[in-house]
Structure formats: structure tokens, C-alpha cells
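> Fold the following and give me the result.
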Amino acid sequence: MRRAPGFTMVELIVVMILVGILGAIGAGRFFDRPAFDVPTYAEQVRAMLRYAQKAAIARNAPVFVRFEENRISLCHAMPSSGCGADRQVAVPGGFVAGDDATRNQCGAGNWYCLGKPPGISWTASPSPDWLMFDPLGRPILPGNVSGGLALNISGGRDGAGIVVTEETGYVQ
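Now for the predicted structure:
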């Protein structure tokens, strides 16, 4: 008599145990929202900083990156003079709805603004309220201080760093 091909009970139990262990490890990471938000938000901020530099060069006029408590936004005027609708930097490509944090913190419209997701925080060194890209694309901090900026975005166990290089304004 020939045996039918198949798996033994021991093999099936071992596979079920391994799947259970991997599932328990993966499920905890899957439901950890900041683990997804931190790298996504960091890349959005990098893109925003790069766009601010390019817009300053293209317009031959300064562009200000405003660091506020719950959002980061782009404006064509000094932060102290406000950022009315006529001074807001438009989103490239038109209106973007964005996520809940952006809609709540930035409102509707087509200006370049990113709301900070819940559970995410940032620290900057030095800690400016704004960063200006001059018409040559160089970063300038408050008080007309030339220099780079290091921005650390964190949430939960995860973190991401952004550096704006002094003199060139290169964002990495």
C-alpha cells in the first residue's frame, strides 16, 4: 500500500506556532500608528523645504518656512507680518486635500501647509520660529543668522532627522 502525500501533524503544528509568533510580533508593529506617521511626515517636510528653496530661487524673492506649534507652512512674507491669503505659497499642482491633521491645522485652500499628526513631535536646533530661503536658495535663520538647521521628528519609538545645510540649503 502506498501512502498519500501530505503533511504530518507535527509539521502542521510547527507551522501554526511559527505563524502565531510572527503574527504576534507583526500585529503590534502594524497597529503602531506613529511607526508609519514619522517617516511619512518627515518625507513631506523634506519635500516642503526643498520646494521652498526652489520657489525662492525661481521667484527671486525670499520664501519663509514657518514652524508653528501644530503645523509647518510656507509664506512669501515675514512671519511677524502674518501670512494672509495673498502671501501664502501655493501648493504645486493645485489643491491637495491632505490628511485630517492638515485639514484641521491649515484649513481649506491651496497653500502649502502641513499639519502635525497626533503623536508626532519635532525639535529643531537651533529652535527658530521660521527659516527663510533667500533668492539664492541659502537658509537664513531669525536675526539674519546664516546657518543650517537640524530638525528631529519623533513619535513613539521612531524618529527621523532632517538637515538643511548651511550655505547651499541642501535638504537631506
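
> and the next element down the chain from whichever strand or helix holds Gly20?
In the assignment (DSSP states H and E), Gly20 maps to helix 9-30. Beyond helix 9-30 on the C-terminal side, the first helix or strand identified by DSSP H and E is helix 33-59.

> Quick check: buried residues in that next one?
If you call a residue buried by 16 or more other C-beta atoms under 10 Å, then helix 33-59 has these buried ones: 34, 37-38, 41-42, 44-46, 48-53, 55-57. (Each C-beta comes from the backbone N, C-alpha and C, glycine too.)

> Strand partners (parallel or antiparallel) of the following helix or strand past that helix?
Scanning the chain past helix 33-59 towards its C-terminal end, the next helix or strand to appear is strand 63-67 (assignment: DSSP H and E). Strand 63-67 has its sheet partners listed here by DSSP bridges as strand 71-75 (antiparallel), strand 130-133 (antiparallel).

> mind putting those strands in CSV, distance to Gly159 included?
Output for the strands paired with strand 63-67, formatted as CSV (distance: least, C-beta to C-beta, whole Å):
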stretch, distance to Gly159
strand 71-75, 17
strand 130-133, 20
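
> And the ones you listed: which comes nearest Ile153?
Relative to Ile153, the nearest member of these by C-beta to C-beta is strand 71-75, separated by 10.3 Å.

> Now do the closest one against helix 33-59, angle only.
10 degrees (axes from the mean of the first three to the mean of the last three C-alpha atoms, to 10 degrees).

> Confidence-wise, which helix or strand of the protein is lowest on average?
For the chain, the helix or strand with the lowest mean confidence is strand 145-146, at a mean of 67 (criterion: mean pLDDT, DSSP states H and E).

> which stretches of this protein have low pLDDT?
Applying pLDDT under 70 to the chain flags the ranges 1, 29-35, 94-101, 108-109, 144-147.

> Run through the neighbouring helices and strands of the helix or strand hosting Ala160.
If you go by DSSP H and E, Ala160 is part of strand 158-164. Strand 158-164 is packed against helix 33-59, strand 149-155, with contacts defined by 3 or more C-beta pairs under 8 Å, 6 or more residues apart in numbering; DSSP states H and E.

> any chance of those in JSON lines, plus distance to Thr123?
Formatted as JSON lines, the helices and strands packed on strand 158-164 follow (distance: least, C-beta to C-beta, whole Å):
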{"stretch": "helix 33-59", "distance to Thr123": "13"}
{"stretch": "strand 149-155", "distance to Thr123": "5"}
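
> Out of the ones you listed, flag the one nearest Gly169.
Evaluated over the helices and strands packed on strand 158-164, closeness to Gly169 peaks at helix 33-59, with 4.9 Å, by C-beta to C-beta.
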